[in-house]
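**Student:** kindly generate the corresponding structure for this input.
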Amino acid sequence: MNSDREDKNSGADKADSDQLNQSLEAVELDTEKNPGAESEPGIGADSDPSPDLGPAHADADADADADADADADQSKDANDPGLNALFDSERARERVLGIPRRVLYPLLGLFAILIFSFWIVVQNQKEAVNQAPEEIISSFEQQAPAPLAEAVTVGSSAKDFKLVSLKNGKEVGLPTGAPVLLEFVATWCRHCQAMAPLIAAEIPTSGVKLITVGAAKETNERLINFHNRYKTPGELVNLVNEADYDIARNYSVAAYPTMIFINRNGKISDIKAGEIDRAELRRALDEANSEALTG
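**Tutor:** Next up is the predicted model:
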């Protein structure tokens with residue numbers, strides 16, 4: 001009996017062994033038919049179905065995400081009223097009267113240079129007018145001729161003369177029956193320059209005739225330029241030689257300007273040396289033109 005039982009167990013074990021061998025053979029056969037089945041990714045339930053594209057694709061994704069974030073931040077800043085106001089304020093500070101500072105400042109600098117250059121030109125012209133000729137001595141007393149012993153004084157008769165007009169070339173002398181202002185000048189004299197516009201303004205309405213005499217040995221051109229500069233009315237003559245200078249000596253010319261006021265009777269009503277104001281000039285002109293003082 002025991003022998004029979006052992007035979008049955010032995011047969012069962014053999015059957016199980018045969019079944020196991022068949023299973024292994026089936027697996028081996030399947031492996032031979034599909035050799036790459038075990039190496040393919042994504043077969044298992046736990047594997048990632050998306051393909052792996054490598055580190056380059058990962059960097060591109062990161063850049064795209066950064067750009068998206070930057071666009072979002074920019075859009076947020078554009079919609080921020082506080083930031084917009086700050087930007088507008090910064091732009092406003094960069095402009096003056098609507099002009100950008102980088103444009104305005106160079107223009108202002110150029111304008112300042114032009115103004116300074118114009119000022120230099122004007123100053124040079126003034127110096128050219130004020131500068132005395134080389135042959136003239138610096139002192140007024142030495143420049144002016146010494147008066148003669150018989151020189152005229154206030155109340156005495158005016159001495160006639162004959163000179164050539166620088167305006168038309170005609171002979172000029174003291175007019176008869178008319179009040180006259182006989183003014184001896186030097187073009188470089190500052191007092192003469194100060195008096196010239198006053199005389200030019202007062203003479204036309206005073207009824208007094210003006211004769212301007214250049215008495216500093218200057219060229220006719222300088223005297224004409226001086227006369228035209230101040231638009232002085234009346235006649236213009238110049239003392240050019242020693243004989244002419246006797247005229248200045250006769251009228252006691254010792255400084256510039258010297259103004260001889262002569263009434264219509266040919267009498268000297270006043271003598272002014274140096275610069276005077278407008279009121280004093282008017283009084284002297286009125287006195288020369290006054291009927292009460294024509295004797």
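**Student:** can you map out the helices along the stretch 101-250 of the chain?
**Tutor:** Per DSSP state H, counting those that start in this stretch, the stretch 101-250 of the chain carries helices over the ranges 101-130, 140-143, 190-202, 220-229, 242-250.
**Student:** out of those helices, which gets the lowest mean score?
**Tutor:** Note on the helices of the stretch 101-250 of the chain: lowest mean pLDDT is at helix 140-143, with a mean of 42.
**Student:** out of the helices of the stretch 101-250 of the chain, nearest to residue 156?
**Tutor:** helix 242-250 (10.4 Å; Cβ to Cβ). Heads up, the C-betas are built off the backbone N, CA and C, glycines and all.
**Student:** and the closest one, what's buried?
**Tutor:** By neighbour count on 16 or more other Cβ atoms under 10 Å, the buried set for helix 242-250 is 244, 245, 247, 248, 249, 250.
**Student:** what's the answer for stretch 274-288, then?
**Tutor:** Using 16+ other Cβ under 10 Å as the test for burial, stretch 274-288 gives 275, 276, 281, 284, 285, 286, 288.
**Student:** could you list the low-pLDDT ranges of this structure?
**Tutor:** For the chain, the stretches flagged by pLDDT under 70 are 1-98, 124-151, 291-295.
**Student:** of the buried residues of helix 242-250, just say which sits nearest to residue 183.
**Tutor:** When these are ranked by distance to residue 183 (Cβ to Cβ), residue 248 comes first, at 11.6 Å.
**Student:** so the closest one is in contact with residue 213, correct?
**Tutor:** Yes. The criterion here is Cβ atoms under 8 Å, and residue 248 meets it with residue 213 at 7.4 Å.
**Student:** which neighbours do these two have in common?
**Tutor:** Taking Cβ atoms under 8 Å, 6 or more residues apart in numbering as the contact rule, residue 248 and residue 213 both touch 184, 239.
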